[in-house]
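Student: Sequence plus predicted model, see below.
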Amino acid sequence: MVSLILLGCGIALVLVIGAAIGSRRSTGSPIEPPDLSAMPPEAAEYLATLDSHLRLPPEVRADIRAELADHLSDSIEAIEAEGLDRDQAAREALARLGRPEDLAAQLRTAHQTTRRLLAGAAGGVFQAGVGALGGYLVGVAIAVILSIFAGTALRPLLNLVSEHLPDVSKAVSGGSGIWTAILWVPAFVAGRRSVQALSRGSRRSPSEVGRWWALGGFAFLAWLVLFVVPAEQTWLVVVLELLIPVAFAVGVLYRPERALPLAQCHVPAWLVVAGVLLVPAVMFAGASVGASGSADNFWTDNGQLGAALDKIAPPWPGDLGLADRWGSMPGPVIDETWVLQDPNALAGLRDVRFELWRAVPVAGTPDWVQAWVPAPGYTAPFATQPVDTSSGTFTARFDVGHVRTTHWLVLLTAVGPDGVRYRVDWRSEMPTTFSGTIWDWLTAPG
C-alpha cells in the first residue's frame, strides 16, 4: 500500500511539473503588435479592418499586420518626400493598397493554398499520433491514482455497486471498462493537437477546419471501435468505446486555440497530491465498512440450485466416482476434463454427453458470491458434446467467445436403462468473456 501511495505522489508531482512547463509554454513570449501610434488614424483603421477580414491563424495575422505596418510607414515617408503632407501621403499609400476587404481576400488566397492544406492535414495526422501517446500516459497516471482511491476510500461504494450492479462491477473489476475509459484522454488530446497542427500548416483558423476534421476523425474512430478493434465486451464497455470518437471530436471543437485549464492552473494537480496523501487516513474507515459481513451472510440458496437442476434432469442415483475435474481459466473458451475413477460405474448408461447451460446468480446473493443456477426460460442446453467413455477421461470444449452470456453450468448427463435422461454430475458456474468488436457484440446471440 505504501508503494502505491508513493507511486501516486510521484505521478501527481509529474503532472504538476508538466502543468508548470505547459503554462510557461502557453504563456510564452506573446506576439507584439505593431506600434501604430506614430501612424495616421486612417492607416490604423485600415489595418484593423484588414485584420478582421483575414480569417487566418493569430500568428499569421500578426506577421501580416507587422509587415503591412512597416510597408505603410515606408510608403508614407516616400510619398512625403515627393512634396505631399503626411495626411495626404497616408491617403495615397492606402489607396495604392486598395480596399482592405479585397486585400484580405488576396492574402487569404495566397496563404491558404491546397498544398498547405495537404501539408497541414499530414501534420495533423502526425500530431494526432503524438498527442495520443502523451494522452495515454496521462490517462494511465490518472487511472493509477483513481485505483488507489477505489481500493481504499471508495471501497464501501464499490461494495454497493458490486451488490446491486453486478454487470458494472464485472466490467470495472475486469479492467476492460477502466482501460477503455483511459482511451478518452488520448483521443481528446489527439483531437486538440491535430487540429492545432492542421490550423498552423494550412493557414486556416481552427473554427474553419475544425468541423470537417472532427467529423472525419469521429467517423474513422467510430469505424475502428465498431468493426475493427476487439475487446472483452459488456454493455458498459460498448458505451465507453462509443465515447472514444466523441472525446476526439470534443478535443477538436473545444477551444483548440486556447491552453487547457491545467496548463494555466496548478491547483488541480496539487489537490491530487493532497488527496493521495490523505488516503492512509481514509482507508481505515473504508476497510472497516467493507469488511462488515461475509459470504455466509449472503448464502441464500434455500434449495434453489437443486430445484433448478431437477427441472433439467433428475439426479442419477449412482455415483461415478470422478477422481478429478478441471477446466480452463475465464476466457472465451470452456475446456473441461473429467477423469472417471471406475469405468464400471457407467454400466447401464448410454448416450453420455456434456451439456452447457446458461447460468444466473442465485436470488438474494451479490455478484461476488459464487452461487449460480440454470437460467430460467431455457428448456434446452445451449450446446452439447458427446463423450467418449472408452478411455475413462471425458473432455469437452465449448467456444462461447461470441455469445453475450458469460456464466455457464456444465452438466454431465446420460440416458438410463428406463430411457430417461439423468443428471449424472455437474460443475458449478464457469465464467467466460466475450471477445470481439462492438458489431460482434450487437449481433451475437444472448
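Tutor: Arrived safely, thanks for sending. Numbers count the residues shown, from 1 in each chain.
Student: How many neighbouring residues does the nearest residue to Tyr422 once chain neighbours are set aside have?
Tutor: Spatial nearest neighbour of Tyr422, chain neighbours left out: Trp316 (3.9 Å); criterion: Cβ to Cβ, 6 or more residues apart in numbering. Any C-beta I mention is one placed from the backbone N, CA and C, and that applies to glycine too. Trp316 is flanked by 20 other residues according to other Cβ atoms under 10 Å.
Student: thought Trp316 was touching Val420?
Tutor: No. In this structure, Trp316 is not within contact of Val420 by Cβ atoms under 8 Å, at 9.6 Å.
Student: residue contacts, Glu92?
Tutor: 79, 84 (Cβ atoms under 8 Å, 6 or more residues apart in numbering).
Student: separation between the residue of the chain most remote from its centre and Ile76?
Tutor: Outermost residue of the chain with respect to the C-alpha centroid, by Cα atoms, centre = their mean, is Gly83; its distance is 70.6 Å. Distance of Gly83 to Ile76, given as Cβ to Cβ, to the nearest Å: 13 Å.
Student: so how far is the lengthiest helix in the chain off the chain centroid?
Tutor: In the chain, with assignment by DSSP state H, the single longest helix is helix 114-151. Distance of helix 114-151 from its chain centroid, counting by Cα atoms, centre = their mean, to the nearest Å, is 12 Å.
Student: Just list what it packs against, helices and strands only.
Tutor: Contact here means 3 or more Cβ pairs under 8 Å, 6 or more residues apart in numbering; DSSP states H and E; on that basis helix 114-151 packs against helix 2-26, helix 176-182, helix 184-202, helix 206-223, helix 267-277.
Student: one more time with 6 Å, if that's ok
Tutor: Applying 3 or more Cβ pairs under 6 Å, 6 or more residues apart in numbering; DSSP states H and E, one finds that helix 114-151 contacts helix 2-26, helix 176-182, helix 184-202.
Student: Alpha carbons only: can I get the shortest one in CSV?
Tutor: Taking C-alpha atoms only, helix 176-182 is exported to CSV below (Å, rounded to 0.1, in the frame of the first residue of the first chain):
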residue,chain,number,x,y,z
SER,A,176,-11.9,-3.7,-19.7
GLY,A,177,-14.0,-0.8,-18.6
ILE,A,178,-11.1,1.1,-17.0
TRP,A,179,-8.8,0.7,-19.9
THR,A,180,-11.5,1.7,-22.3
ALA,A,181,-12.2,4.9,-20.4
ILE,A,182,-8.5,5.7,-20.3
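Student: before we move on, back to that, look at the residue farthest from the centre of the chain and tell me its secondary structure.
Tutor: Using DSSP: H, G, I helix; E, B strand; the rest coil, the three-state assignment for Gly83 comes out as coil.
Student: What separation do you get for it and Glu92?
Tutor: The spacing between Gly83 and Glu92, counted by Cβ to Cβ, is 11 Å.
Student: Then Arg203?
Tutor: Arg203 is 30 Å from Glu92, by Cβ to Cβ.
Student: Please apply the same query to Ala375.
Tutor: Distance, Ala375 to Glu92, by Cβ to Cβ: 90 Å.
Student: and the helix or strand hosting Ile244, how far out from the chain's middle?
Tutor: Take DSSP states H and E as the rule and Ile244 turns out to sit in helix 235-253. The chain centroid and the centroid of helix 235-253 are separated by 7 Å, computed with Cα atoms, centre = their mean.
Student: okay, the angle between that helix and helix 206-223?
Tutor: Interaxial angle, helix 235-253 versus helix 206-223 (axes from the mean of the first three to the mean of the last three Cα atoms, to 10 degrees): 160 degrees.
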